[in-house]
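Starting from these lines, generate the structure:
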Amino acid sequence: MKSSLSFVLALILTSCSIPPTSWKIPVLELLQQKNIRAVYLVSEIGLLPSNELKDSPEIKVVHTIRDFEKAASQKRVALWIDKDALQLVDPVWLHQEPQKYYPISVLGYNEPSYVFGEQLSGFGVQGQGSDGTSMNIETGYSVWMLKEDGNIFMHGYSCEPTAEGLKLVTYSLLDGKAWKRCP
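Reported below is the predicted structural model:
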């Protein structure tokens with residue numbers, strides 16, 4: 001009887017001191033979410049090499065618009081969109097607060113007029129051919145940010161997109177600075 005009572009008491013004490021596994025997942029997600037500085041939307045395989053992303057835990061890679069919007073709603077982050085995932089994006093959502101004040105980078109096109117004038121709508125930018133001229137669209141990336149004072153940052157980068165380069169440009173914008181040359 002005494003050993004049964006000891007066993008039951010030991011079982012109760014150990015079950016109270018170890019939190020269930022289900023408790024650990026939200027805590028881990030909260031800690032990871034706290035450190036995120038960029039959310040990268042890709043349809044399948046993005047332009048950024050997986051080893052660069054693996055070395056950057058502050059970049060959250062997502063494959064659905066739902067996950068993209070959810071991650072961006074947690075805190076102020078840079079929004080990175082792979083050119084092959086543009087069809088997933090809801091431009092109306094991009095223009096709503098708070099994300100309308102986040103830096104938006106589209107990887108794969110160096111010409112911001114093309115990206116924010118033709119590929120994504122509502123940015124008030126004239127796209128290719130709207131004024132009778134053509135643009136030289138090359139690999140690179142384009143960045144847009146509406147600042148809270150109403151000023152707009154828009155710039156195209158004609159260099160190969162890298163995680164380090166995008167972090168330098170978009171994190172600088174998150175910190176209130178502009179970076180206008182290829183890193």
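
most centrally placed residue in this protein?
Centroid check for the chain by Cα atoms, centre = their mean gives V39 as the closest residue, at 1.7 Å.

What residues are bridge-paired with that one?
V39 has the following beta-bridge partners by DSSP bridges: K60, L79.

Tell me which residues touch it, please.
V39 makes contact with I59, K60, V62, F68, A71, A72, V77, A78, L79, W80, according to Cβ atoms under 8 Å, 6 or more residues apart in numbering. For glycine as for every other residue, the C-beta is placed from the backbone atoms N, C-alpha and C.

repeat that with 10 Å
59-62, 67-74, 77-81, 99, 102 (Cβ atoms under 10 Å, 6 or more residues apart in numbering).

got it, and D55?
Counting by Cβ under 10 Å, 6+ apart, D55 makes contact with P49, A163, E164.

do A85 as well
Shown in contact with A85 (Cβ under 10 Å, 6+ apart): 40-44, 46, 62-65, 68, 106-108.

and stretch 146-164, which residues are buried?
By 16 or more other Cβ atoms under 10 Å, the buried positions in stretch 146-164 come out as L146, F153, M154, H155, G156, Y157, P161, T162, A163.

Which residue is the nearest non-sequential neighbour of the last one?
Right, A163. In this structure, A163 finds its nearest non-sequential neighbour in E52, 3.9 Å apart by Cβ to Cβ, 6 or more residues apart in numbering.

Show me the shaky parts of this structure.
The model of the chain has pLDDT under 70 over residues 1-34, 126-136.

now the helices for it?
For the chain, the helices defined by DSSP state H cover 2-17, 21-35, 50-54, 65-74, 91-94, 112-114, 163-174.

Would you indicate which residues of the third one are buried?
Just to be clear, that refers to helix 50-54. Neighbour-count burial for helix 50-54 [16+ other Cβ under 10 Å]: E52, L53.

what's it packed up against?
For helix 50-54, the elements it packs on are strand 59-62, helix 163-174, judged by 3 or more Cβ pairs under 10 Å, 6 or more residues apart in numbering; DSSP states H and E.

C-alpha coordinates for the longest one, CSV please?
Looking back up the chat, that one is helix 163-174. The C-alpha coordinates for helix 163-174 follow below in CSV (Å, rounded to 0.1, in the frame of the first residue of the first chain):
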residue,chain,number,x,y,z
ALA,A,163,20.0,37.5,-48.6
GLU,A,164,22.8,39.7,-47.3
GLY,A,165,22.1,42.4,-49.9
LEU,A,166,18.3,42.4,-49.3
LYS,A,167,18.9,42.5,-45.5
LEU,A,168,21.1,45.5,-45.8
VAL,A,169,18.7,47.4,-48.0
THR,A,170,15.4,46.5,-46.3
TYR,A,171,16.6,46.4,-42.7
SER,A,172,18.1,49.9,-43.3
LEU,A,173,14.6,51.0,-44.4
LEU,A,174,13.1,49.4,-41.3
